[in-house]
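**Q** Just a sequence and a predicted model for now, questions to come.
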Amino acid sequence: MTLEQLRIFVAVAEREHLTKAADALNLTPSAVSSAIRVLEERYGIALFHRTGRRIELTETGEAFLPEARATLARAGSADLFLTEIGGLKRGALTLAASQTVAGYWLPPRLMHFRDAYPAIDIRLTGGNTDEAAEAVLDGRAELGFVEGEIDHPALAQRIIARDRVVIVAPSDHPLAGKPGIDAEDLAAARWVLREPGSGTRRALTAALPEEALDIALSLPSNEAVRSAVLAGQTLTAVSEFVVEDDLAAGRMARIAFDLPERAFRLLRHKERYRSRASLAFEALLA
């Protein structure tokens with residue numbers, strides 16, 4: 001088994017599509033298909049179901065995927081260790097962040113780091129809180145940044161900033177400007193929220209039970225939620241960072257119902273090698 005075969009397997013498994021995996025790896029579809037076939041024949045197993053044009057993981061493939069990811073992450077750590085012996089003159093910093101952190105809080109800090117260490121390749125992937133934590137757990141990211149609480153024994157975490165989630169609506173919504181909003185008012189309204197797994201959604205449902213809310217739409221990004229709210233008579237809960245311009249311009253109004261302050265957290269794996277680049281970035285944040 002080679003690392004290249006593992007990279008190809010993971011790419012196909014994540015995309016469930018041979019051609020898309022080939023494009024991502026800069027290989028031909030036939031080369032990708034051949035690598036998977038050789039791996040399956042070597043061990044006498046089927047990693048994928050092939051039904052017409054579709055390809056999806058078998059039960060064996062599902063079980064093997066975390067092992068393949070972990071092996072690639074360990075190989076990446078070994079490469080990083082040797083690369084960094086000469087100091088911070090080359091190397092990479094791999095980060096994963098939930099959308100609010102990635103879109104608003106993190107970019108200026110990444111620019112400061114780039115100015116200090118211009119030779120370091122910064123690789124940032126976005127997602128929701130659960131996805132960012134998963135990237136750190138399986139080694140795709142060295143550091144994670146989330147806006148929700150994560151309870152996992154393998155992850156070390158520390159608070160790096162504070163944020164407030166606010167409930168907002170279009171400025172002509174019946175609840176806009178109304179004092180003394182209570183849970184019954186909010187339960188009677190329609191909502192557009194981020195998807196399950198989002199730290200922003202958790203900040204709301206920790207204060208208001210999800211089953212009590214009339215959720216018209218669940219959308220996968222802050223911008224999608226913002227656009228949907230501006231287009232209709234719905235409420236949402238988002239970070240103040242996301243809607244500060246809309247509030248200032250009068251396009252949205254803040255609803256008079258306070259949610260608890262939340263923390264932005266940095267995550268790292270307790271047992272994995274800590275690169276000099278990650279230590280330098282943590283020092284910059286401190």
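**A** That came through, no problem.
**Q** so where do the helices sit in the chain?
**A** Residue ranges of the helices in the chain, as given by DSSP state H, are 3-15, 18-25, 29-43, 59-84, 99-100, 106-116, 129-137, 183-188, 199-205, 222-231, 240-249, 276-285.
**Q** Can you tell me which of the ones you listed is packed in deepest?
**A** Among these, the stretch with the highest mean neighbour count (mean count of other C-beta atoms under 10 Å) is helix 99-100, at a mean of 28. Just so you know, the C-beta spots here come from the backbone N, C-alpha and C atoms, and that holds for glycine as well.
**Q** my read: residue 145 touches residue 158, true?
**A** No: counting by C-beta atoms under 8 Å, residue 145 stays clear of residue 158, with 11.0 Å between them.
**Q** Which residue, other than its chain neighbours, is closest to residue 124?
**A** residue 95 (4.7 Å; C-beta to C-beta, 6 or more residues apart in numbering).
**Q** thinking again about what came up before, and residue 145 and residue 158? which has more neighbours close in?
**A** residue 145 (27 against 12; other C-beta atoms under 10 Å).
**Q** ok, what's across the strand from the more buried one?
**A** With DSSP bridges as the criterion, the beta-bridge partners of residue 145 are residue 97, residue 266.
**Q** quick one: contacts for it?
**A** Contact analysis of residue 145 by C-beta atoms under 8 Å, 6 or more residues apart in numbering lists 95-98, 101-102, 105-106, 132, 160, 264-267.
**Q** Give me the pLDDT value at it.
**A** Here, the pLDDT recorded for residue 145 equals 97.
**Q** same question, residue 260
**A** pLDDT, residue 260: 89.
**Q** so what's it up against?
**A** For residue 260, the contact set (C-beta under 8 Å, 6+ apart) comprises 203, 206, 207.
**Q** Quick check: phi and psi on the residue nearest to the last one when sequence neighbours are not counted?
**A** Counting by C-beta to C-beta, 6+ apart, residue 259 is the residue found nearest to residue 207 once chain neighbours are left out, at 5.3 Å. Note on residue 259: its backbone torsions stand at phi -100, psi 150 [degrees, to the nearest 10].
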